[in-house]
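Asker: Below: sequence and its predicted model.
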Amino acid sequence: MCDRAWNFDTECVHGPGAYVRTARELCRTAGRPEAFTDLRDHVDPGAGEAWIEYTAGGRRRRWTAEVCDDWADTMVVGHLMDDLEQDGDGGRRFWTRDGGQTMPLYWLHPDDARAVSALLAPAPPLAPALGGP
């Protein structure tokens, strides 16, 4: 499709490495494959434990994920997206639209999001993945 889009299947946490893969895909989509360094995670569905840690912008981060079968914790995914959006990148951010189990994500400037939304009409327009205007 394109480098600035990713069809995120939220039912993707099957074991160790799941959150690292998600973080890498988000970085790729944002055009910043090295934005997160020292990535590691722990996923143990049987024990109900999961977390991801990484360094972004010189700050070490660690997020504990809620374990619910093989569903990604969208709060943790939101933290990852927020860290990527912090640098601004010309006003680009993650945009989405309802996809059910999948979450189509686009890394776009607001003007580009409006243009893509016009192409998708009459479907609902893209909205910022993390909310806001």
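Answerer: Cool, the structure landed.

Asker: how about Pro33, phi and psi?
Answerer: Main-chain torsions, Pro33, degrees, to the nearest 10: phi -60, psi -20.

Asker: Now do the same contact list for it.
Answerer: Taking CB atoms under 8 Å, 6 or more residues apart in numbering, we find Pro33 in contact with Arg24, Cys27. Where C-beta positions appear, they are placed from N, C-alpha and C, glycine not excepted.

Asker: And it, how far from Cys27?
Answerer: Note on Pro33: its distance to Cys27, by CB to CB, to the nearest Å, is 5 Å.

Asker: what's the closest non-adjacent residue to Leu84?
Answerer: Spatially, and ignoring its direct neighbours in sequence, Leu84 is nearest to Ala30 (4.6 Å; CB to CB, 6 or more residues apart in numbering).

Asker: what number of residues lie near the one you found?
Answerer: 24 (other CB atoms under 10 Å).

Asker: Over to Pro124?
Answerer: Around Pro124 there are 10 residues (other CB under 10 Å).

Asker: which residues sit in contact with the closest residue to it other than its chain neighbours?
Answerer: Closest residue to Pro124 apart from its sequence neighbours, by CB to CB, 6+ apart: Arg97 at 5.9 Å. Counting by CB under 8 Å, 6+ apart, Arg97 makes contact with Pro104, Leu120, Ala123, Pro124, Pro125, Leu126, Ala127.

Asker: Would you mind measuring from Ala50 to Arg59?
Answerer: For Ala50, the distance to Arg59 - CB to CB - is 21 Å.

Asker: Can you pick out the residue with more neighbours from the two?
Answerer: Ala50 (24 against 9).

Asker: Distance check, the more buried one against His79.
Answerer: 13 Å.

Asker: Tell me which other helices or strands the strand or helix carrying Glu53 touches.
Answerer: For Glu53, the element it lies in under DSSP states H and E is strand 49-56. When contacts are defined as 3 or more CB pairs under 8 Å, 6 or more residues apart in numbering; DSSP states H and E, strand 49-56 sits against helix 18-29, strand 36-44, strand 59-64, helix 74-85.
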